[in-house]
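Trainee: A structural model of the following input is requested.
(one chain, ligands or ions: 2)
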Amino acid sequence: MTTAALIVAAGRGQRAGGGVPKQWRPLAGRRVIDWTLQAFQDAADIGLIALVLSPDDDAARAEFAGRPGFVVATGGADRAGSVRNGLAALAGRGVTRVLIHDAARPCVRADTIAAVCAALNDHVAAAPGLAVTDALWTGAQDQVTGTRDRDGLYAAQTPQGFHYDAITAAHAAHPGGAADDVEVARAAGIGVAIVPGDPDNLKITRAPDFARAERILGAQMDIRLGNGYDVHRFGPGDHVVLCGVTVPHDRGLQGHSDADVGMHAITDALYGALAEGDIGRHFPPSDPQWKGAASEIFLRHAADLARSRGYTIGNIDCTLVCEYPKIGPHAEAMRDALAAIMDLPRDRISVKATTSERLGFTGRGEGIAALATAALVRA
Ligand code: CTP
Ligand code: MG
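Mentor: Ligands and ions are numbered 1, 2, ... in the order given. Below you'll find the model as predicted:
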């Protein structure tokens, strides 16, 4: 039983203007589409994403084709056509439920996605609706011509969730012209439950909507911390590599890669902040291609992963624990090396050291331990 998200992103964004279709335009440091996709990638309930792209967006198709967890489909002449193509692309993949969402709604929150998913346990269809609170008028030529009772009226939002087979059949039977998938479902006789909508879950439609979406996302600051810890044992050798710097020593550090214990701790701190496991998950020690690998490959991967999720690295703090070699004379060079690898200003990187008063394995000079903390910020 898989719940898929079907993100329609094949429109041309005529009303928003700006030259480039709105889903590809920047918003609070990333593209609109990146925010939208991130919301569904972060959702525990969602196992697969079908992304519907215009046949004209070649670069986007190249970018997303083959991305793990993604299925790319081609857009149709109208939104409903795009949805149908997305549903078809999900066929045969064990999908039992699907949440259909506008790429142009990048501010969708986790609780809205979760509410739709939960409602599908009891209903064939469920969608977020916002009860209308403003008085309603009819008008013509800038004149109010009448009023309407707002009682029982809702503004429709997405994601709209359905049992997969039911919505696929409903779309196949629909003559076209529906405003959204709820209308398609209802035309097929499917009851649709309303879950609470979110006033911030706006659809970017016209140019001023970008500024509002930017304010909403900017207010959702996300701060994450991760810690990392690593140990490597001394063995024969004449130097150690610590935080990217070669330090002469009468012993070397043993390990699968270059045994840079400091850089490994920092890398694990970054993965930890992202809840992305540790180095071993991304670079399995069983894989011979990583034997003797420079640890900066791992660190760069973790830093790039953080940035691809929209985070900036706030700061890094690393403590090396050893009696020898003395770290102090090399600490500034280590900060510089780490700054270059992570593309960070050096004042955001701290490297310090302590002995353990000759106690324990570090005190006996059997190995070096390292601890690191990383802070990630997404504004
Ligand atoms: N959409 C789509 N395929 C279409 C038309 C629309 O996938 N043929 C998608 C849009 O990319 C958007 C969502 O449906 O994410 C909602 O549509 P809308 O807000 O109307 O977006 P556009 O059609 O791109 O904008 P406009 O109508 O202003 O041109
Ligand atoms: Mg449109």
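Trainee: and the stretch 201-350 of the chain, which residues reach ligand 1?
Mentor: 203, 205 (CB under 6 Å from any ligand atom). C-betas here are computed from N, CA, C, even on glycine.
Trainee: any chance you could map the strands in the stretch 201-350 of the chain?
Mentor: All strands of the stretch 201-350 of the chain, identified by DSSP state E, counting those that start in this stretch, fall at 222-235, 239-242, 245-248, 252-253, 312-321, 349-354.
Trainee: let me see the mean pLDDT of the fourth one.
Mentor: Read that as strand 252-253. Here strand 252-253 scores 95 as its mean pLDDT.
Trainee: and if you look at stretch 193-204?
Mentor: pLDDT averaged over stretch 193-204 gives 98.
Trainee: same thing with stretch 296-304?
Mentor: Here the average pLDDT along stretch 296-304 is 96.
Trainee: who's in contact with that stretch?
Mentor: For stretch 296-304, contacts defined as CB atoms under 8 Å, 6 or more residues apart in numbering pick out 244, 257, 263-264, 266-267, 270-271, 274, 276, 279, 282-283, 313, 338, 341-344.
Trainee: what about the spatially closest residue to D149 that is not a sequence neighbour, neighbour count?
Mentor: Once flanking residues are discounted, D149 sits nearest to L136: 7.6 Å by CB to CB, 6 or more residues apart in numbering. Other residues near L136 come to 11 when the count uses other CB atoms under 10 Å.
Trainee: spit out the contact partners of L136.
Mentor: Counted by CB under 8 Å, 6+ apart, L136 has contacts 147-150, 153.
Trainee: and the residues you listed, which are buried?
Mentor: Taking 16 or more other CB atoms under 10 Å as the criterion, nothing in these is buried.
Trainee: nearest to ligand 1, of those residues?
Mentor: Using CB to the nearest ligand atom, L153 is the member of the contacts of L136 that lies nearest ligand 1, at 20.5 Å.
Trainee: what's the local residue count around the residue in the stretch 1-150 of the chain that ligand 1 sits nearest to?
Mentor: Nearest to ligand 1, among the residues of the stretch 1-150 of the chain, is G11, at 2.0 Å (CB to the nearest ligand atom). Using other CB under 10 Å, G11 is surrounded by 20 other residues.
Trainee: sorry, back to before: take the contacts of L136 and keep only those in strands.
Mentor: Among these, the members found in strands (DSSP state E) are 147-148.
Trainee: let's have the contacts of L136 in CSV, adding pLDDT and distance to ligand 1.
Mentor: Below are the contacts of L136 laid out as CSV (pLDDT from 0 to 100; distance: CB to the nearest ligand atom, whole Å):
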residue, pLDDT, distance to ligand 1
T147, 97, 28
R148, 96, 24
D149, 96, 27
R150, 96, 23
L153, 97, 21
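Trainee: who's sitting farthest from the centroid in this structure?
Mentor: T145 (46.9 Å; CA atoms, centre = their mean).
Trainee: got the phi and psi for that residue?
Mentor: Per-residue torsions, T145: phi -110, psi -10 (degrees, to the nearest 10).
Trainee: residues contacting it?
Mentor: With CB under 8 Å, 6+ apart, T145 has these contacts: 137-139.
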